[in-house]
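K.L.:
Whatever this is, show me its structure:
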Amino acid sequence: MREIISKINLVDILANHFDTLRDNSTGKTKYSDYAVIYGIPAAIAIATSQVYPPPRDLAGAVINFFSIFSALLFNFLLLVLDAIRKEKEKPEGLNTRPLALLEETYKNVAYAIVVSLFGVVIMLVPYVIKMEEYPRFHPWFGAVIYFAFLHFLFVMAMILKRMNAIVGSIIGKKP
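P.N.:
Numbers count the residues shown, from 1 in each chain. Sure thing, here's the model as predicted:
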């Protein structure tokens, strides 16, 4: 059983993502990054779900959103992996900044896929427990839905910023 669980263990992906939330110059954890990536989406999600619990028909749209993005992110992950391979083939002494950024981007994309999969799974709950009689989700469940969506958007913004930095370092402009 332990061997089976190890095949689907996502702890390394989570740990790798958390490792990117550090100051590159000091190696220390940047708590401000945690506040932005987790705190802001959580605060917005809790406040929004209390005022406006999401309607039940949102479930299908959210499942489609996360499913499509997870498929696209799997493809992007392969492209980043290929870019890492090509960057490692360069002679030593050349600019290593793109390689470090590519590795961090890879970790963040893998994490974004996990968030997408979580979004799909959490949105299947209403179908499993047959919540048809409820026109709106319970506020706590709405907060989870809003958080997953907002957190995903923040992670995507972080990935986009890293990609911008990679392009900037390759073409010689500081991001």
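K.L.:
so the residue nearest in space to the middle of the chain, which of the three states?
P.N.:
Nearest to the geometric centre of the chain sits Ala112, at 2.5 Å (CA atoms, centre = their mean). Assigned by DSSP: H, G, I helix; E, B strand; the rest coil, the conformation of Ala112 is helix.
K.L.:
swap in Ser25?
P.N.:
At Ser25 the chain is in coil, as set by three-state DSSP.
K.L.:
per-residue pLDDT, it?
P.N.:
You'll see Ser25 listed with a pLDDT of 78.
K.L.:
Give me the neighbour count for the closest residue to Val36 other than its chain neighbours.
P.N.:
With CB to CB, 6 or more residues apart in numbering as the criterion, Val36 has its nearest non-adjacent residue at 6.7 Å, and that residue is Phe154. From N, CA and C alone the C-beta is placed, and that goes for glycine too. Neighbours of Phe154 under the rule other CB atoms under 10 Å: 16.
K.L.:
Equivalent analysis for the one 3 residues further on, please.
P.N.:
The burial count assigned to Ala157 is 12, neighbours taken as other CB under 10 Å.
K.L.:
could you say what helices and strands the helix or strand harbouring it packs with?
P.N.:
Ala157 belongs to helix 139-171 when assigned by DSSP states H and E. Applying 3 or more CB pairs under 8 Å, 6 or more residues apart in numbering; DSSP states H and E, we find helix 139-171 packed against helix 40-51, helix 58-88, helix 97-128.
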